[in-house]
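Visitor: no sequence for this one, just the structure:
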C-alpha cells in the first residue's frame, strides 16, 4: 500500500481538522455551524479531487452514487414538500455529508491503522473534555439545569453514540501486541473514558451499544485475547467512577445549585483521575507480562459464563416479580409505548421509549399517505405538529432515521439510503480483514444501529465523521502513485459542482442573517430598514415564510401572508398569522375563516387556546359566545 506523500499528509491533516471541528464545534442542531463546517469540507474535498483524484472501487462508486442520489432526491422533494424551505435546508445537510464522504474517499492511500489511531485520538480528547465539564462546572453552565452528560456535542444521545463507537477502537488499541506499551495503555484509558461517559449520558441504548460493540469485537477479532488486559484494567475502574458519579447529586441530578456542582465536581474529579491512574498501573503490569494464552482463554470463558448467568438470573427475577412472562412482556410494552421517560439515573431502569412509539406511528402514517416521494425532506416537524395530540407529542424528527426517510422522501429515498449502507457493508466484507479495518467498521456499525432510535441525521458532530469514515471504508488504496497528467474536464466539473453547492449553502444561511437584521430593525421601529432586510432575505430564500411575515408587517399588505398560505397550505402558522392580521383590522369574518383553518390543521396550537383568537373572531363575527368560560372580549 502506498504511504501518503507530503500532499497526502496535508490532506489527512485537513480532513482530521474538519472532523475535529464537526465534533467539538458543531453546536448541536446549529445551521450556522453546519454552514461553516460545510464550506470547509467542500473546499478541502474539491481541492483534493481536483489535484489528486482518487481511484474509486465499485462499492465506492455505488456508495457515492447512492448518497448523491439521495441528496438530489431530497432537493427534488422541494417541489412537492409541505415545507419547501425545510427541504432545502435538509438537502444542504445532505450535501455536507456527501462532501464528508468524498473527503473520506480521498484518504484511500492512508493506512487504516493511521486512520483508526487518529480517530481514536480525537474521540479520546472528546470524552476527556466532556468529563472535564463535570469536574469543572464553569466549562458548561447548563449542567445546572440538566445533569445528563452532553457537552460539547450538546445532545446526550449523540455523545453516547460517540462513546459507544470508541469501544472497538479502544479494544483495537489496547490489544495491539506490535504497538508500544503506551499505545496499549492509551487504548485502555479510552475504553475507561468511553464506559464512564456513556453511563453518565443516561442513554440506555448507548450503554447497550457500547457493551455489544465490545462483545462483537471479542467474537470477530482473531486475536481477541490480546484485548482482555484492556478490559480487565478499564471495566472495574469505570465501575467505581460510575458508582461514585451516580451517587453525587451534583453530578447526576438535575437542578442542583452551582455550589453543589462545584463540590461534587471536585470529588468526582479526584475519583476519575485516581481510577485513570489505576488503569494505567494495571495495564502496565499486564502488558509487561508474557501472555499466558491458556490462562487468558480460561479467564475469558469463565467471565463470559458468569456474565451470561448474571443476566439470565436478573431477567428471571424480573419476570417472577412481574407475575410471569406474559405479565412481564405486557408491563414492558406498556412502559415502552405509553409512559413518559424522565431524566436522571432512574431512567436507566426504565423501558419507556420517550414517545418514540407515537412518533414512529406518525412517520408511518405520513409514509402510507405519501408512499412515492414522502412529504418532503426535513418536514417531519410539521407532520408531527399536525398529527400530535399535544405539544409533548410533537418533535422535529421521528427518532428513527430509516423511518424518517420513508416518511419524508418516500420509498425512493429509503431505497437510496439502504443502497448507501449496503455499499459500505459490501466494501467491508470484500475488503481487507485487518484489525484496524474491523475496528473502524464496528464504529460505523454502532452509528448506523444507533440511528434506528434517534435523530442522528441532524447532527454534523456524528454524521460528518461517520460519512468520512464510510468514505475511507469504501475507498480503494492506490497501488502506485497516480500519473501526473490530469484531465481538465473532470476538474472543471468538480469545481462547478463545488461552487453550486457553496451557493446552495450560502443562500439560506445569509437569508437567515438578513432576517435577523430585519427583526432587530422592526424592534427599533425602523420599518424602512426592516423592509429592506426582509426583502433581501426573501430574495435569497424565496421558500422561507418568516421574511414574508416581516414584509407583511412593514408593508401593511396582506398579499405576503396569502403568499405564505399558498407556499405551505398545510402549515397552521401562516393561517394563524393571516388571522391575526385580519383581526387587527377588525375584519372578523376573514379572521374567523383563517383562524378556523389553522385550528383544523392544529387544534393544539396557539389558535386553540380558550378565549384566544378563534373564540374572539367567532364572537365578533357571529355573536357566538364560548361555553363555560368568561373571556376578556365579552
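Guide: Sure, I can see it. Bear in mind the structure is a predicted one, so any value in this text is a computation, not a measurement.
Visitor: tally of neighbours for residue 61?
Guide: Using other C-beta atoms under 10 Å, the number of residues around residue 61 comes to 14. (C-beta placed from N, C-alpha, C; glycine too.)
Visitor: any weak-confidence spans in this protein?
Guide: Within the chain, the segments meeting pLDDT under 70 span 1-7, 290-293, 295-304, 315, 318-319, 321-322, 328, 388-393, 477-487, 634.
Visitor: got the domain boundaries for it?
Guide: 120-289, 511-622 (automatic domain parsing).
Visitor: for the shortest one, what is the distance to the chain centroid?
Guide: I take that to be domain 511-622. Offset of domain 511-622 from its chain centre (C-alpha atoms, centre = their mean, to the nearest Å): 32 Å.
Visitor: so residue 210 sits against residue 196, correct?
Guide: No - in this structure residue 210 lies outside contact range of residue 196 using C-beta atoms under 8 Å: 10.6 Å.
Visitor: follow-up on the earlier one: the domains of the chain into CSV, with extra columns for mean neighbour count and distance to residue 345?
Guide: Converted to CSV, those look like this (neighbours: other C-beta atoms under 10 Å; distance: least, C-beta to C-beta, whole Å):
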stretch, mean neighbour count, distance to residue 345
domain 120-289, 21, 5
domain 511-622, 19, 32
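Visitor: which other helices and strands does the biggest helix by length in the chain contact?
Guide: Counting residues, the longest helix in the chain under DSSP state H turns out to be helix 488-523. Using 3 or more C-beta pairs under 8 Å, 6 or more residues apart in numbering; DSSP states H and E, the elements in contact with helix 488-523 are helix 31-51, helix 84-105, helix 527-540, helix 546-555.
Visitor: residue 361: which of those helices is closest?
Guide: The closest of those to residue 361 is helix 84-105. By C-beta to C-beta, the value is 21.1 Å.
Visitor: can you give me the angle the closest one makes with helix 488-523?
Guide: Angle of helix 84-105 versus helix 488-523, following axes from the mean of the first three to the mean of the last three C-alpha atoms, to 10 degrees, is 140 degrees.
Visitor: roughly how far out does helix 84-105 sit from the chain middle?
Guide: Here helix 84-105 is found 14 Å from its chain centre; the criterion is C-alpha atoms, centre = their mean.
Visitor: contacting residues around the residue nearest to the spatial centre of the chain?
Guide: Closest residue to the average C-alpha location of the chain: residue 456 at 2.7 Å, with C-alpha atoms, centre = their mean. Shown in contact with residue 456 (C-beta atoms under 8 Å, 6 or more residues apart in numbering): 158, 161, 401, 447, 450, 462, 463.
Visitor: what's the neighbour count on the fifth one?
Guide: Put plainly, it is residue 450. Neighbour tally, residue 450, other C-beta under 10 Å: 25.
Visitor: so it is in contact with residue 204, correct?
Guide: No - distance between residue 450 and residue 204: 11.7 Å, which falls outside the contact criterion (C-beta under 8 Å).
Visitor: tell me the secondary structure at residue 376.
Guide: coil (DSSP: H, G, I helix; E, B strand; the rest coil).
Visitor: again, but for residue 557
Guide: Look at residue 557: counting by three-state DSSP, its state is coil.
Visitor: can you tell me which residues contact the residue nearest to it when sequence neighbours are not counted?
Guide: Leaving aside its sequence neighbours, residue 557 sits nearest to residue 551 (C-beta to C-beta, 6 or more residues apart in numbering; 7.4 Å). Contacts here follow C-beta under 8 Å, 6+ apart; on that basis residue 551 touches 531, 534, 535, 538, 557, 560.
Visitor: got the angle between the longest helix of the chain and helix 31-51?
Guide: Angle, helix 488-523 to helix 31-51, by the same axes, to 10 degrees: 170 degrees.
Visitor: the strand or helix carrying residue 191: what's the following helix or strand?
Guide: In this structure, residue 191 is located in helix 181-200 according to DSSP states H and E. Next helix or strand after helix 181-200 toward the C-terminus (DSSP H and E): helix 204-220.
Visitor: could you list every helix and strand in contact with that following helix?
Guide: If you count contacts as 3+ C-beta pairs under 8 Å, 6+ apart, helix 204-220 packs onto helix 156-174, helix 181-200, helix 435-450.
Visitor: which one of these lies closest to residue 514?
Guide: Closest among those, using C-beta to C-beta: helix 156-174, at 30.4 Å.
Visitor: list the helices and strands the closest one packs on?
Guide: Secondary-structure packing of helix 156-174 (3+ C-beta pairs under 8 Å, 6+ apart): helix 112-135, helix 181-200, helix 204-220, helix 228-247, helix 435-450, helix 460-474.
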